[in-house]
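# What would the 3D arrangement of this be:
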Amino acid sequence: MADIYKYVDENGRVTYSNVPSKGAKKLDLEPLTSVPAPKPRPRSEAPAAASSTPADFPRVDADTQKKRDTTRRGILEDELRSEEKMLEEARRAYDEGSRTLKVGEDSKNSPKYQERMARLKDAVTTHENNIQAVRRELNNLK
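Numbers count the residues shown, from 1 in each chain. Just a heads-up that it's a prediction; the model follows:
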């Protein structure tokens with residue numbers, strides 16, 4: 001086992017190290033106990049109960065679940081339409097922004113212009129990512 005040293009500097013910051021240094025004190029620590037990890041079982045030997053749902057787990061009937069899935073699909077489809085509309089608006093704002101300078105922006109190399117365009121591009125990217133995520137969720141539905 002390696003030795004451990006504790007050093008406290010003039011500001012009270014404490015540093016622990018396994019390398020001795022001037023002013024550091026060697027700590028007298030009790031040895032650590034360790035327990036070896038159990039050997040993993042092959043999949044063929046894994047108990048079936050570990051992956052199944054407990055018998056007393058609340059269940060819903062197929063009709064109720066179908067209604068829930070239909071409701072969820074509707075919510076996701078509404079969200080998709082909303083994100084597609086916001087993406088269209090963000091792209092329009094980005095296109096318009098790339099063609100126009102605002103007060104205080106003397107050129108397209110201006111830091112203010114670059115910052116504004118970066119924000120507009122981030123908005124486009126965010127809506128594109130949101131659309132991808134919603135589509136993945138819709139594809140995961142039964």
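# CA atoms for contacts and neighbours, from now on please.
Fine.
# Which is the succeeding secondary structure element to the least confident helix or strand in the chain by mean pLDDT?
Between all helices and strands in the chain, the lowest mean by mean pLDDT, DSSP states H and E belongs to strand 14-17, at a mean of 89. Note on strand 14-17: by DSSP states H and E, the next helix or strand toward the C-terminus is strand 25-26.
# Not counting that next one itself, show me its contacts.
Residues outside strand 25-26 that contact it (Cα atoms under 8 Å, 6 or more residues apart in numbering): 3-7, 20.
# same deal with stretch 84-92?
Taking Cα under 8 Å, 6+ apart as the rule, stretch 84-92 contacts 120, 123-124, 127-128, 131.
# Out of the residues you listed, list just those in helices.
Members of the contacts of stretch 84-92 lying in helices (criterion: DSSP state H): 120, 123-124, 127-128, 131.
# Going by distance to V103, which of those residues wins?
Closest approach to V103 among the ones in helices among the contacts of stretch 84-92 (Cα to Cα): L120, at 17.1 Å.
# Test my guess that that closest one contacts Y94.
Yes. Under the criterion of Cα atoms under 8 Å, L120 makes contact with Y94 at 5.4 Å.
# joint contacts of the two?
Residues touching both L120 and Y94 (Cα under 8 Å, 6+ apart): there are none.
# quick one: L27 and T15, what's the gap?
Separation of L27 from T15 (Cα to Cα, to the nearest Å): 12 Å.
# Touching both of the two, which residues are there?
In terms of Cα under 8 Å, 6+ apart, L27 and T15 are both contacted by the residues K6.
# mind showing which ranges of this protein have poor pLDDT?
1, 43-51, 142 (pLDDT under 70).
# Which parts of it are helices?
Counting by DSSP H, the chain has helices at residues 62-99, 111-140.
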